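[1] Could you look at this predicted model? Sequence included:
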Amino acid sequence: MAVTVQNFIKLANFYNKMVTVMSAVCVEKGGIPIENYVGRFFMADTLEYIVEYGRRLTEAGPVPDDVARVIKIFQERFEGVKTLVTPTEKPIYEMTLEEFEKIMNI
């Protein structure tokens, strides 16, 4: 995928729609807090991807001011959830139960 402003906007829209769906799922499951929903790890991974995409986009050249603001917002959101991303050094299927629990803060 070419790193373009249009693709970043598509990713941002996807993430925002996914947050809405995730909230609805939490309500449907009895009002569980989002921080207890298992999908929060996928959300964190998705946000990490979007932040990295935004970084590469800004390195490739100037971006419109409104897009730069959105990139900054996503970076700030990611700071709050970056401990939830899945590890990149070792696949989950190769982890021991103890390693998995430590990574997932269980």
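    Good, I have the coordinates.
[2] Phi first, then psi, for the most centrally placed residue in the chain.
    Nearest residue to the geometric centre of the chain (Cα atoms, centre = their mean): L47, 1.9 Å. Main-chain dihedrals, L47, degrees, to the nearest 10: phi -60, psi -40.
[3] cool, P64 as well?
    Note on P64: backbone dihedrals following degrees, to the nearest 10 are phi -60, psi 150.
[4] And the pLDDT for it?
    On the pLDDT scale, P64 is placed at 93.
[5] residues contacting it?
    P64 makes contact with V5, according to Cβ atoms under 8 Å, 6 or more residues apart in numbering. Placement of C-beta: from N, CA and C, glycine included.
[6] Would you indicate which residues of the helix or strand harbouring V81 are buried?
    Secondary-structure assignment from DSSP states H and E places V81 in helix 65-81. Buried residues in helix 65-81, counted by 16 or more other Cβ atoms under 10 Å: 67, 70-71, 74, 77-78, 81.
[7] pLDDT of the helix or strand following it, averaged?
    The C-terminal neighbour of helix 65-81 among helices and strands, as given by DSSP H and E, is helix 97-103. Averaging pLDDT along helix 97-103 gives 77.
[8] chain center to helix 97-103: distance?
    In terms of Cα atoms, centre = their mean, to the nearest Å, the gap separating the centre of helix 97-103 from the centre of its chain is 21 Å.
[9] Next: stretch 47-58.
    With Cα atoms, centre = their mean, you get 10 Å for stretch 47-58.
[10] The helix or strand harbouring A24 vs helix 65-81, what angle?
    Using DSSP H and E, A24 falls within helix 5-28. Angle of helix 5-28 versus helix 65-81, following axes from the mean of the first three to the mean of the last three Cα atoms, to 10 degrees, is 40 degrees.
[11] CA-only coordinates of helix 5-28 in CSV, if you can.
    Extracted in CSV, the C-alpha atoms of helix 5-28 (Å, rounded to 0.1, in the frame of the first residue of the first chain):
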residue,chain,number,x,y,z
VAL,A,5,-2.9,11.0,2.8
GLN,A,6,-6.0,9.3,1.3
ASN,A,7,-5.0,5.9,2.7
PHE,A,8,-4.3,7.5,6.1
ILE,A,9,-7.8,9.0,6.1
LYS,A,10,-9.3,5.6,5.3
LEU,A,11,-7.4,4.0,8.2
ALA,A,12,-8.5,6.8,10.5
ASN,A,13,-12.1,6.3,9.5
PHE,A,14,-11.8,2.6,9.9
TYR,A,15,-10.5,3.0,13.5
ASN,A,16,-13.2,5.5,14.4
LYS,A,17,-15.9,3.2,13.2
MET,A,18,-14.3,0.3,15.0
VAL,A,19,-14.4,2.2,18.2
THR,A,20,-18.1,2.8,17.8
VAL,A,21,-18.7,-0.9,17.1
MET,A,22,-16.5,-1.9,20.1
SER,A,23,-18.5,0.4,22.4
ALA,A,24,-21.8,-1.2,21.1
VAL,A,25,-20.4,-4.7,21.7
CYS,A,26,-19.5,-3.8,25.3
VAL,A,27,-23.0,-2.4,25.9
GLU,A,28,-24.6,-5.5,24.3
